[in-house]
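Enquirer: Predicted model follows, preceded by the sequence.
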Amino acid sequence: MFVCIHGSEFLVKVTISGHPGSGTSTLVGLLERKYSWNSLNGGDIFRSEAKKRDMPLNEFGDLCREDLSVDKSLDQLLMDKMKNDNSIEIFESRLAGWWAYKLNLNCKRIWLEVSEKERASRVVAREGGDISNKIDENRERMVIDEARFMSLYGIKPQEEEPYTDIIDASNLSPEQVLELASKIIMGE
C-alpha cells in the first residue's frame, strides 16, 4: 500500500484530477470499492457550503464567480482536509494535485488526460445533448475556469508540474484506468 508521509503521521493518499468528463469520479468510485477507501470530492465541499448558506447550487456558483474570496475559502477547506483528515485516502478535484504538491504531501498525484472529443462524448452519454455543443460548452467552461485559477493562484490545472503520473485515458475502459492507477498507487 502506498503510504503518504506528512510530518510524523502516515496517511494513505492519492489525488485524482482531470477536466470535466475525464473519468475522475468513475476512477475514484472504482478505487473506493477495490481498496475500501474513502474519498472527498471538491464538489462535495462546494455542495456542503451551499447548503450551510441555504443557497441553491446555481446561486452559490454565481456567488463564487462574483466573490473570489468564497472560492478561495472552499479551496482552503479542501487543503485543510488534505493535511488533517486521516479518514480520507482519495482526494478528487481539478486542483487536488496542485494542493498536495504545494502542501509538500508526499503522495501520488494522478491527472487523467482525455481528448476533448472523448470527454464531450462521455458527458453526452451521461447527460444527453449534442457532442459538438458539449465540446463548445466544455471549451467555454475551461476558459472561464482557467482564467479564474490563473487570477486566484497563477496556475492551470492541466500543467504537468504537480502530477507524479499522467494517465492518457482517452481510449481506455474504466477497468483499464483502474489497473494503471492501482499500479501507480501501489508502486508496481
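Expert: Sure thing, it's come through.
Enquirer: Tell me how far the most centrally placed residue in the chain lies from residue 45.
Expert: In the chain, the residue lying closest to the centroid (C-alpha atoms, centre = their mean) is residue 93, at 2.0 Å. Per C-beta to C-beta, to the nearest Å, residue 93 is found 8 Å from residue 45. The way it works is simple: take the backbone N, C-alpha and C, and place the C-beta from them, glycine included.
Enquirer: list residues touching both of those two?
Expert: Among the neighbours of residue 93, those also in contact with residue 45 (C-beta atoms under 8 Å, 6 or more residues apart in numbering) are residue 78.
Enquirer: Can you list the low-confidence ranges for this structure?
Expert: 1-12 (pLDDT under 70).
Enquirer: Let's see that with 50 instead.
Expert: Along the chain, segments meeting pLDDT under 50 span 1-10.
Enquirer: tell me the contacts of residue 100?
Expert: 13, 15, 82, 91, 107, 109, 162.
Enquirer: If we use 7 Å, what do you get?
Expert: Counting by C-beta atoms under 7 Å, 6 or more residues apart in numbering, residue 100 touches 15, 82, 107, 109.
Enquirer: in terms of contact, does the third one touch residue 82 like I think?
Expert: No: shown here, residue 107 and residue 82 do not form a contact pair, counting by C-beta atoms under 7 Å, at 9.0 Å.
Enquirer: The residue nearest to the centre of the chain against residue 39, yeah?
Expert: No: using C-beta under 7 Å, residue 93 is not in contact with residue 39; the gap is 10.6 Å.
Enquirer: what's in contact with the helix ranked longest in the chain?
Expert: Identified as the longest helix of the chain according to DSSP state H is helix 131-153. Applying C-beta under 7 Å, 6+ apart, the contact partners of helix 131-153 are 19-21, 68, 71-72, 116-117, 119-121, 123-124, 155-157.
Enquirer: ok, now stretch 33-41?
Expert: With contact meaning C-beta under 7 Å, 6+ apart, stretch 33-41 is reached by 28, 31-32, 81, 87-93, 178, 182.
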